[in-house]
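In: model this:
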Amino acid sequence: MHGTALAARSARGELRAAHLSEPRWVRATLIGVALVFLGIFLVMPLALVFAKAFEGGISAYAAAVSDPMALAAVRLTLVTSAIVLPVNLVFGVAAAWAVSRFEFRGKNLLVTFLDLPFSVSPVISGMVFVLLFGASGWFGPFLQDHDMRIVFAMPGIVLATLFVTSPFIARELIPLMEAQGVAEEEAALTLGASGMKTFLRISLPKVRWGLLYGIVLCNARAMGEFGAVSVVSGHVRGRTTTIPLHVEMLYNEYQFSSAFAVASLLTVLAVITLVVKYTIERRGFE
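Out: This next block holds a predicted model:
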């Protein structure tokens, strides 16, 4: 890992030196274009969200974010993320380990399936769960006979979120584990270390920053997912509405200040995610 970090820093240094050889006006133009783009499409929207959120004053903001329906949406979002993250963690590590460490028939098919949630619209994935577990779906009669509800309830929200977030951890780990190779693991096994000890003391520490990076991205997508969750939730206020769905409902009811107040919670979570992501990237290159 240390050698990889040194190589990455050297490559970045060479690239920076090459850029410094460009004329001053080229560098100024590129930096200016980047700053203008970020200002228009990132800073201004964030500023407008908070401006609208506090448009009615601090008391109105506090009332909006402490409303029982808003708190229920926050709880459901956090609980969903708390369920999705461990499942994706186990699946992501197992999938990355299988793809990067073994050769088997159907390996390319597995990698293709890992990318499937990236290529399928979240709305379509939500509709698939409705067709499977809805009242008229394949398993609908069985679920009704056993008084079980998947769609329009929390299990459906968890399943939809799992589907759209499943690739993040695996996709962060696979190229990293393939680049690092298996030399250290083979040496440890030759010296008598067990498979579990080799994994915990050698394999896992080597990919810890990539793993944390994948967890951060997975958590951010889980909390902000809208399309798939919107299809399977049923929009039952206080029961099956996550933060994004609650914001949509408030906005459609013309409660703009309340909608932006609750949206600011997601904005804060996004900023925290970016800070953690930046920290992990910096630590990963040390």
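
In: Helices of the stretch 1-150 of the chain, residue ranges please.
Out: 2-20, 24-38, 44-53, 58-65, 68-101, 107-114, 116-119, 122-133, 140-145 (DSSP state H, counting those that start in this stretch).

In: So for residue 209, which of these sits nearest?
Out: Smallest distance to residue 209 across the helices of the stretch 1-150 of the chain (CB to CB): 9.6 Å, for helix 2-20. Glycine gets a C-beta too; all of them are placed from N, C-alpha and C.

In: how does the chain divide into domains?
Out: Following automatic domain parsing, one gets these domains for the chain: 1-53, 56-283.

In: chain center to the longest one: distance?
Out: It stands for domain 56-283. On the basis of CA atoms, centre = their mean, to the nearest Å, domain 56-283 sits 6 Å off its chain's mean C-alpha point.

In: sorry, back to before: please name whichever of the helices of the stretch 1-150 of the chain is nearest to residue 227.
Out: helix 122-133 (3.2 Å).

In: For that closest one, list the C-alpha coordinates in PDB.
Out: Provided in PDB are the C-alpha atoms of helix 122-133 (Å, rounded to 0.1, in the frame of the first residue of the first chain):
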ATOM      1  CA  PRO A 122     -34.100   3.200 -10.100                       C
ATOM      2  CA  VAL A 123     -37.800   3.600 -11.100                       C
ATOM      3  CA  ILE A 124     -37.600   0.400 -13.100                       C
ATOM      4  CA  SER A 125     -36.000  -1.500 -10.300                       C
ATOM      5  CA  GLY A 126     -38.800  -0.300  -8.000                       C
ATOM      6  CA  MET A 127     -41.300  -1.600 -10.400                       C
ATOM      7  CA  VAL A 128     -39.600  -5.000 -10.500                       C
ATOM      8  CA  PHE A 129     -40.100  -5.300  -6.800                       C
ATOM      9  CA  VAL A 130     -43.800  -4.400  -7.200                       C
ATOM     10  CA  LEU A 131     -44.200  -7.000  -9.900                       C
ATOM     11  CA  LEU A 132     -42.600  -9.600  -7.600                       C
ATOM     12  CA  PHE A 133     -44.100  -8.800  -4.200                       C
END
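
In: Residue 165: which of the helices of the stretch 1-150 of the chain is closest?
Out: helix 68-101 (5.7 Å).

In: so where is the stretch 51-200 of the chain shaky, pLDDT-wise?
Out: Applying pLDDT under 70 to the stretch 51-200 of the chain flags no residue at all.

In: Right, I'll call it a day here.
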